[in-house]
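Asks: Let's see this in three dimensions:
(chains A and B)
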There are 2 protein chains.
Amino acid sequence: MWTRIGRCFSPVRLNAGSYWSLQQLGKTPRHHRWNQTLASPFSEAPRPRKNDSLGIRHACALEPDRQLKVQWEDGSNSLYPLVWLRDNCQCPQCMLQSAKARSLHLSQLDIHTGVDRVLVKEPNKLSVVWPDQHASEYDADWLKKRCFSPVARQAMREELFLNERVYWGSELRIPSAIFQEVLEDDKAALDCFTALRRVGIVYLKGAPREQGEVAKLSKRIGFLRLTFYGHTFQVQDKLDANNVAYTAGDLSLHTDYPALQHPPGVQVLHCLHQAKEGGESEVVDGFHVAQQLWQENPEAFRTLSSLTVDFTDTGVDYCDFSIQSKHRIIEVDGNGLVLRINYNNATRDSVLDLPLQHVQPFYASLRAYVDLMRRPENVLTYRMEPGDMVIFDNWRLLHGRRRYSMDPEHPRHLEGAYLEWDVVMSRLRLLQKAVHEDR
Amino acid sequence: MWTRIGRCFSPVRLNAGSYWSLQQLGKTPRHHRWNQTLASPFSEAPRPRKNDSLGIRHACALEPDRQLKVQWEDGSNSLYPLVWLRDNCQCPQCMLQSAKARSLHLSQLDIHTGVDRVLVKEPNKLSVVWPDQHASEYDADWLKKRCFSPVARQAMREELFLNERVYWGSELRIPSAIFQEVLEDDKAALDCFTALRRVGIVYLKGAPREQGEVAKLSKRIGFLRLTFYGHTFQVQDKLDANNVAYTAGDLSLHTDYPALQHPPGVQVLHCLHQAKEGGESEVVDGFHVAQQLWQENPEAFRTLSSLTVDFTDTGVDYCDFSIQSKHRIIEVDGNGLVLRINYNNATRDSVLDLPLQHVQPFYASLRAYVDLMRRPENVLTYRMEPGDMVIFDNWRLLHGRRRYSMDPEHPRHLEGAYLEWDVVMSRLRLLQKAVHEDR
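Replies: Just a heads-up that it's a prediction; the model follows:
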């Protein structure tokens, strides 16, 4: 399928930015990878390991520690807390099989449970009989994947969340594919959404030049996220624009909709008509630039990742609305990892809920981040033509648009839609399963 | 309108739980209030102050500090950083008036700006001329509300977010209203959604006994949140149930959908048919119980508010799905305030991404929290009858259901729907404005 895309659609260079075939993605230098570490949000992460199928050689309970020790056929060991094993009994009494959900209540769980007998029936089956004679059986592969070692946990995280990222700058050739193939072919869709996750942006060529195509793509994935701007939104120059995007002016680099507490994870834009002059798109890898900020100006990084800023949006569109939120512009998790960029200068509220002495450092830090974003080596510029569709990670990328000339007879027109990362990742996991089972 | 609801629907006592008229809400003892403090997530918060309209007596620039000092008519002072004033110029050049959004780019902002002239034209207008002769004008009320003092900022937070909470236990009489009045009358709707925010649960009586009423209520508010379980969902005993809720078994106390990264903020349940025996509803104030945990077992509170736990949900409903999330069971913000409870034992994943030594403390802490939840003084039990509708804060309340007897001819049936807190809060702000302007 890759080969086919590669053959159908050879990379083309447009403006400063450019596209590459998804086929080539594996060959790109990986600038940086994502990592789960306390020390730095950006250092190297181990690549996820394949889970090799291994039988159980031996298993025994370590009663004083309330753990069970499994020795694998290769001689390595894994330790499992007894309470976790009892909690995750896979029998029909403890689990509703049709929902693959736990029916055992926490109040029924003896958190200090011992064990009566441990048996390795076959190399791939562990059997545990509990003091009340309830019996549990565990599959060796299932257990191995759930090993509590740091390496196994990192591999599981990567398998479930695909958190590894490829950082980029203006040199990026945007991974591209054919719209219709992504709709129809599972392998093409899997590669497309994997690139979206890893790189943060993918380009689809050849979509019909009419409204409704972003909805079609969303249905392929799962479903759209409805917002106050409607199921899909029409990016055009509008009279009495209720959003700065609905003008012909330039849009500075921003993420969409930080005025929502949970901004949309993924944005789709489909070009129906382009302006004769201007209207080029600009994108920046917000995680990459956050890393640069962290290296060049750690104090500014700390300021933007600790102070909360208000965002606001009021008006009428799908219905009347008046929304408010508070976000850190660089949102990091409890481990110091960057999770999301929340920044739109247009909807940053005049309400600034900071102690007076934090106001000047806040502006200085934001200015440092914005100046870094705007460095030519960070900004990728491209120009959408009718039929082009772009999908990007709105939690990671900042996007902007250059001013354009208005032509009332052929007005510039993009149709847009939002999706949740949960919905895109769900499709990605299902596609992985479907494509691998096909093999 | 309150009086009318009070007269139409006098409080009735059902089981251990009970209802009270919304009219009485103001009289209830306020167990605890929400607070913005670093010391404790639960201590007393100042009540929001009304913003009294005050003229400006005098204003001058404090050049070395790059601040502007405003003296109000009552002799009090406010300080405003010059950069913030310049950033929030309200003129048509710096702001797109139709969108009430900033059009001034951050890169155009001189973050070290001085000032040329400051003028108080009238007591309610401040005029600032900047070194480049750009002129800005600020309304006194607008400025006063945006004062950077802790008291003014707390008042603004409360005005925008209504974060003050009334905590409760089994003694709660659930605020109640008439379904049709909430649909038609702005004051009734405002009181209903304010009670939902403050108390976390409201009861609506007299909804037609047919499907589609939760959608009607959602349209009154804004719009539903679509999930993998559909626009609305039918809580019934189902063959091959894809969710433990779709059985006749008891459901232990849980929040809905922690397998989503952003679980639904508000849940609506409408009773169409009740079981002959069993099927009573149980609710618990998760914030109140978190406070109890923090007081009785601070180590367990710290464990549940720092360790992340995996949730999972796979199946087919609106479409096929495979979702994964990581949450702290007690989610606190950077200031240590409890924001959300994320807990559903059915969808808590068998994948537990914790270092081995954290597993036993995790189970012990969760058990301590669950044991507190289940204390009789914390659990409010009520029984829905056909036509009853309940709306509750799914970020705060845990809800459960007692086992019920199946009757194939008259199956128990609730219809449910989710909404975003952003959407409910938006309606609340708009209703506040509408009701106040009506006066």
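Asks: Spell out which residues make up each domain of chain A.
Replies: The record assigns chain A these domain ranges, following automatic domain parsing: A:2-45+A:162-433, A:51-154.
Asks: for these, which one ends up most surrounded?
Replies: Across the domains of chain A, the average number of neighbours (mean count of other CB atoms under 10 Å in any protein chain shown) peaks for domain A:2-45+A:162-433, which reaches a mean of 19. No exception for glycine: its C-beta is placed from N, CA and C like everyone else's.
Asks: from the middle of its chain, how far away would it be?
Replies: Between the centre of domain A:2-45+A:162-433 and the centre of its chain there are 11 Å (CA atoms, centre = their mean, to the nearest Å).
Asks: Enumerate the residues of the stretch 101-250 of chain A near chain B.
Replies: By CB under 8 Å from any CB of the partner chain, the part of the stretch 101-250 of chain A that sits against chain B consists of A:101-107, A:109, A:111, A:142, A:145-146, A:148, A:150, A:153, A:156-157, A:160-161, A:222-223, A:226, A:228, A:240-244, A:246-247, A:249.
Asks: Could you save the domains of chain A as TSV and add columns showing mean pLDDT?
Replies: Converted to TSV, the domains of chain A look like this (pLDDT from 0 to 100):
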stretch	mean pLDDT
domain A:2-45+A:162-433	87
domain A:51-154	95
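Asks: which residues in the stretch 101-250 of chain A form strands?
Replies: Counting by DSSP state E, counting those that start in this stretch, the segments of the stretch 101-250 of chain A that form strands are A:101-102, A:117-122, A:125-129, A:135-139, A:173-178, A:201-205, A:233-235.
Asks: Columns distance to B:I201 on top of the domains of chain A, output as TSV?
Replies: Formatted as TSV, the entries for these read as follows, by distance: least, CB to CB, whole Å:
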stretch	distance to B:I201
domain A:2-45+A:162-433	21
domain A:51-154	23
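Asks: for the ones you listed, which one sits closest to B:H270?
Replies: The minimum distance between B:H270 and the domains of chain A falls on domain A:2-45+A:162-433, with 20.9 Å, by CB to CB.
Asks: roughly how far apart are A:V268 and B:M389?
Replies: When CB to CB, to the nearest Å is applied, the distance between A:V268 and B:M389 equals 36 Å.
Asks: Can you classify A:V423 as helix, strand or coil?
Replies: Using DSSP: H, G, I helix; E, B strand; the rest coil as the criterion, the local structure at A:V423 reads helix.
Asks: My guess is it contacts A:R220. True?
Replies: No: in this structure A:V423 lies outside contact range of A:R220 using CB atoms under 8 Å: 11.1 Å.
Asks: so can I have a markdown table of the strands of the stretch 101-250 of chain A showing distance to A:P263?
Replies: Compiled in a markdown table, the strands of the stretch 101-250 of chain A are given as follows (distance: least, CB to CB, whole Å):
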| stretch | distance to A:P263 |
| --- | --- |
| strand A:101-102 | 30 |
| strand A:117-122 | 49 |
| strand A:125-129 | 44 |
| strand A:135-139 | 39 |
| strand A:173-178 | 22 |
| strand A:201-205 | 17 |
| strand A:233-235 | 15 |
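Asks: so what pLDDT did A:R439 get?
Replies: Predicted confidence (pLDDT) for A:R439: 59.
Asks: And the helices in the stretch 51-200 of chain A?
Replies: A:82-87, A:140-145, A:150-161, A:179-184, A:186-199 (DSSP state H, counting those that start in this stretch).
Asks: what's the closest of those helices to A:Q432?
Replies: Go through the helices of the stretch 51-200 of chain A one by one with CB to CB and the one that ends up closest to A:Q432 is helix A:186-199, at 6.3 Å.
Asks: which ones are touching the residue lying closest to A:D65 once chain neighbours are set aside?
Replies: Excluding the flanking residues, the one nearest A:D65 by CB to CB, 6 or more residues apart in numbering or on different chains is A:L79, at 7.9 Å. Residues in contact with A:L79 (CB atoms under 8 Å, 6 or more residues apart in numbering or on different chains) are A:62, A:65, A:67-70, A:148, B:356.
Asks: Stretch A:90-100: how far from the chain's middle?
Replies: Centroid separation for stretch A:90-100 versus its chain: 30 Å, with CA atoms, centre = their mean.
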